[in-house]
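Peer 1: Give me a model of this one.
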Amino acid sequence: MSDTSPILMWFHRDLRLSDHAALSAACDAGRPVIPVFVHDKLVEQLGAAPRWRLGLGLGALADSLAEKGSRLILRRADDALDALRALIDETGAGAVYWSRPYDPDTIARNTDIKSALKDAGIEAKSFKGHLMFEPWTVETKTGGFYKVYTPFWKMVKGRDVSEPLPTPGKIPSPATWPESDALDDWNMGAAMDRGADVVRPFVRLGEAAAQSRLGAFTAHIIEGYDTSRDMVAQDGTSNLSENLALGEITPHQCWHAGMRAREEGKAGAETFLKELVWREFAYHLMHHTPRILSGNWREEWDAFPWKDDARASEVIAWKRGRTGLPFVDAAMRELYVTGRMHNRGRMIVASYLTKHLLTHWRIGRDWFEECLIDWDPASNAMGWQWSAGSGPDATPYFRVFNPETQLDKFDKDRAYVSRWIAERKANPHEDALAFFDAIPRHWAMSPDDAYPAPIVSPSEGRERALDAYSNRDF
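Peer 2: Below is the predicted model:
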């Protein structure tokens with residue numbers, strides 16, 4: 001194969017130009033670079049909100065490439081290998097580069113693709129970029145993997161994290177471009193229905209917005225992050241999960257910004273660095289124990305009598321923000337309006353579903369996978385299992401968050417509840433009313449409805465959870 005043949009730069013969940021090892025390597029090779037995204041069956045399987053947000057991200061990436069005189073070629077096929085082979089035949093490409101994935105399904109797909117391409121004489125190469133610490137490089141003293149976060153943090157906190165790579169100055173173009181699908185024809189927001197218009201103003205789209213978000217956080221918020229990150233009515237977090245999930249920013253970029261803030265003496269910086277490493281820990285566990293995505297990480301929980309009916313009336317009330325407990329309901333409505341949920345809210349709604357309602361964490365995992373624009377397979381699964389007590393480094397199974405006392409602690413003046421719940425208010429907040437514009441019409445809910453009584457009170461839910469636990473050997 002000629003060393004002047006094009007390189008297909010196959011984008012995955014790495015929708016940026018800066019700090020992109022695969023793209024930089026392709027540009028440095030001195031050969032034409034053809035950026036590509038393939039909509040295959042793995043993309044088709046995404047939930048409504050993640051798939052819609054991915055479509056927006058692809059549009060932003062295409063714009064960034066166009067500013068560099070390049071293009072994003074879109075192809076749709078059930079099998080990504082078929083799409084790549086077709087592009088190789090059309091362009092004479094001699095190589096395919098991509099960023100390394102870590103979830104089992106994508107690893108399996110890409111492993112097969114790499115083997116098939118190499119057998120055909122095509123260079124196939126993957127590069128790091130989604131994680132700071134490759135999961136197989138972090139080992140205990142006995143050579144095993146870490147099952148508890150704190151020792152993991154202590155092991156990696158002093159490691160060198162590579163400096164972010166600059167944006168390529170030029171992306172070499174081919175003499176002729178292959179045909180591309182039209183992004184609008186993919187209709188990636190179809191399942192969002194009318195909710196897309198409600199959620200869209202809350203999206204911070206693309207690489208430039210992600211960098212701006214990081215800059216504002218380290219300049220104005222990180223100092224008080226230790227406390228502000230739990231105050232649900234405040235803008236006290238980085239809000240970067242949306243951009244990290246699609247690779248519009250890298251953990252390396254966030255880490256170095258956090259380190260600079262720490263060197264400047266900003267008190268909350270180390271806590272922010274720990275949160276970045278918590279994300280790394282989730283991927284570490286997904287790599288070593290992929291069962292965390294679909295089954296109880298602590299296998300002794302397999303015998304626990306979870307309720308597993310997603311159509312149960314209590315589960316429907318939980319999904320619709322109608323449990324009668326304001327903290328739970330406010331968080332669930334925030335999810336539907338913004339596509340995200342405050343982390344403290346995630347802990348509260350997850351504890352309520354799995355403990356007060358004794359419902360399997362997989363039902364919550366699936367709902368978040370459907371509704372979150374910052375959905376991430378490793379973080380979502382570990383978060384749910386942490387809350388349920390079935391996961392690694394989990395909250396103790398006997399700890400049951402009380403949504404009422406938690407509200408007193410983290411939303412004392414009820415600003416968060418007022419923002420998201422309309423039924424109790426003479427003049428509801430516009431975001432509370434937006435919930436009724438976002439939900440499916442068949443839910444038949446109105447801000448004029450009476451607010452419900454609790455379907456399970458905090459004390460009743462706690463007692464039945466503890467009773468269920470007492471009859472099991474953990």
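
Peer 1: where are the low-confidence patches of the protein?
Peer 2: The chain contains residues with pLDDT under 70 at 1-2, 394-395, 473-474.

Peer 1: Can you give me the domain boundaries for it?
Peer 2: Domain assignment for the chain by automatic domain parsing gives 1-129, 131-161+198-288, 299-470.

Peer 1: ok, which stretches of the stretch 151-300 of the chain are helices?
Peer 2: For the stretch 151-300 of the chain, the helices defined by DSSP state H, counting those that start in this stretch occupy 183-186, 195-199, 206-216, 225-228, 241-245, 251-263, 269-288.

Peer 1: Can you pull out the residues in contact with the longest strand seen in the chain?
Peer 2: Across the chain, the longest stretch assigned as strand under DSSP state E is strand 33-39. By CB atoms under 8 Å, 6 or more residues apart in numbering, the residues outside strand 33-39 that reach it are 6-11, 23, 26-27, 58, 61, 65, 70-77, 80, 83-84, 87, 91, 93, 171-174, 177-178, 181, 186, 188. (C-beta placed from N, C-alpha, C; glycine too.)

Peer 1: Buried ones from the residues you listed, can you make that a PyMOL selection?
Peer 2: Command for PyMOL that selects the buried part of those, burial taken from 16 or more other CB atoms under 10 Å:
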select buried, resi 6+7+8+9+10+11+23+26+27+58+61+65+70+71+72+73+74+75+80+83+84+87+91+93+171+172+174+178+186+188
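
Peer 1: now the longest strand of the chain, how far from the centre of its chain.
Peer 2: 22 Å (CA atoms, centre = their mean, to the nearest Å).

Peer 1: what's the answer for stretch 467-474, then?
Peer 2: Remark: stretch 467-474 is offset 33 Å from the chain centroid, using CA atoms, centre = their mean.

Peer 1: Ok, stretch 265-277 next?
Peer 2: Distance, centroid of stretch 265-277 to centroid of chain: 20 Å (CA atoms, centre = their mean).

Peer 1: now what about it, what contacts it?
Peer 2: 132, 149, 152-153, 156-157, 218, 221-226, 228-229, 238, 251, 254-255, 258-259, 261-262.

Peer 1: which stretches of the stretch 1-150 of the chain form strands?
Peer 2: Per DSSP state E, counting those that start in this stretch, the stretch 1-150 of the chain carries strands over the ranges 7-10, 33-39, 73-76, 95-99, 123-127.

Peer 1: Tell me the buried residues in stretch 460-474?
Peer 2: 461, 462, 464, 465, 469.

Peer 1: what's the strand or helix carrying the fourth one packed up against?
Peer 2: Secondary-structure element containing residue 465, defined by DSSP states H and E: helix 458-470. Contact here means 3 or more CB pairs under 8 Å, 6 or more residues apart in numbering; DSSP states H and E; on that basis helix 458-470 packs against helix 403-410.

Peer 1: Now stretch 430-441 - C-alpha only, CSV.
Peer 2: Output of stretch 430-441 as CSV, limited to C-alpha atoms (Å, rounded to 0.1, in the frame of the first residue of the first chain):
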residue,chain,number,x,y,z
GLU,A,430,-40.5,28.2,34.1
ASP,A,431,-38.3,25.1,34.4
ALA,A,432,-41.0,23.4,36.5
LEU,A,433,-43.5,24.2,33.8
ALA,A,434,-41.1,23.0,31.1
PHE,A,435,-41.4,19.5,32.5
PHE,A,436,-45.0,19.3,31.3
ASP,A,437,-43.9,20.3,27.8
ALA,A,438,-41.2,17.6,27.7
ILE,A,439,-43.0,14.6,28.9
PRO,A,440,-44.9,12.2,26.7
ARG,A,441,-48.5,13.3,26.1
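
Peer 1: the inter-axis angle of the longest strand of the chain versus strand 95-99?
Peer 2: Per axes from the mean of the first three to the mean of the last three CA atoms, to 10 degrees, the angle that strand 33-39 makes with strand 95-99 is 60 degrees.

Peer 1: what's the distance between the residue lying closest to residue 297 once chain neighbours are set aside and residue 147?
Peer 2: Distances taken as CB to CB, 6 or more residues apart in numbering place residue 391 nearest to residue 297, at 4.5 Å, with adjacent residues excluded. Distance of residue 391 to residue 147, given as CB to CB, to the nearest Å: 10 Å.

Peer 1: Of those two, which one has the most company?
Peer 2: Using other CB atoms under 10 Å as the criterion, residue 391 and residue 147 rank with residue 391 on top: 23 against 16.

Peer 1: just to revisit the earlier point, quick one: what helix or strand has the residue nearest to residue 297 in it?
Peer 2: Using DSSP H and E, residue 391 sits in no helix or strand.

Peer 1: Now do the contacts for it.
Peer 2: Here residue 391 is in contact with 292, 296, 297, 298, 381, 382, 384, 385 (criterion: CB under 8 Å, 6+ apart).

Peer 1: again with residue 231
Peer 2: 410, 411.

Peer 1: Secondary structure class of residue 349, three-state.
Peer 2: What DSSP: H, G, I helix; E, B strand; the rest coil gives for residue 349 is helix.

Peer 1: out of the domains of the chain, which comes closest to residue 167?
Peer 2: Nearest to residue 167, of all the domains of the chain, is domain 1-129, at 4.3 Å by CB to CB.

Peer 1: Now find how far off-centre that closest one is within its chain.
Peer 2: Offset of domain 1-129 from its chain centre (CA atoms, centre = their mean): 20 Å.

Peer 1: now do stretch 277-291
Peer 2: For stretch 277-291 - counting by CA atoms, centre = their mean - the centre lies 14 Å from the chain centre.

Peer 1: that older thread, sort out which residues of the longest strand of the chain are buried, please.
Peer 2: Those would be 33, 34, 35, 36, 37, 38, 39, for strand 33-39 by 16+ other CB under 10 Å.

Peer 1: Just checking: what are the partner strands of that strand?
Peer 2: According to DSSP bridges, strand 33-39 forms sheet pairs with strand 7-10 (parallel), strand 73-76 (parallel).

Peer 1: Give me the contacts around the last one.
Peer 2: In other words, strand 73-76. Against strand 73-76 from outside (CB under 8 Å, 6+ apart): 34-40, 58, 83, 86-87, 177-183, 186.

Peer 1: Kindly recompute the last result at 10 Å.
Peer 2: Residues outside strand 73-76 that contact it (CB atoms under 10 Å, 6 or more residues apart in numbering) are 8-11, 34-40, 43-44, 58, 62, 65, 82-84, 86-87, 90-91, 177-183, 185-186.

Peer 1: hang on, the earlier thing: looking at the strands paired with strand 33-39, which is closest to residue 116?
Peer 2: Nearest to residue 116, of the strands paired with strand 33-39 and by CB to CB, is strand 7-10 at 13.6 Å.

Peer 1: what residues are up against residue 257?
Peer 2: 164, 211, 214-215, 217-219, 222, 238, 240, 249, 269, 272-273.

Peer 1: now with 8 Å?
Peer 2: The contact partners of residue 257, by CB under 8 Å, 6+ apart, come to 214, 215, 218.

Peer 1: Would you mind confirming that the last one is in contact with residue 263?
Peer 2: The one in question is residue 218. No - contact between residue 218 and residue 263 fails when scored by CB atoms under 8 Å: they sit 11.4 Å apart.
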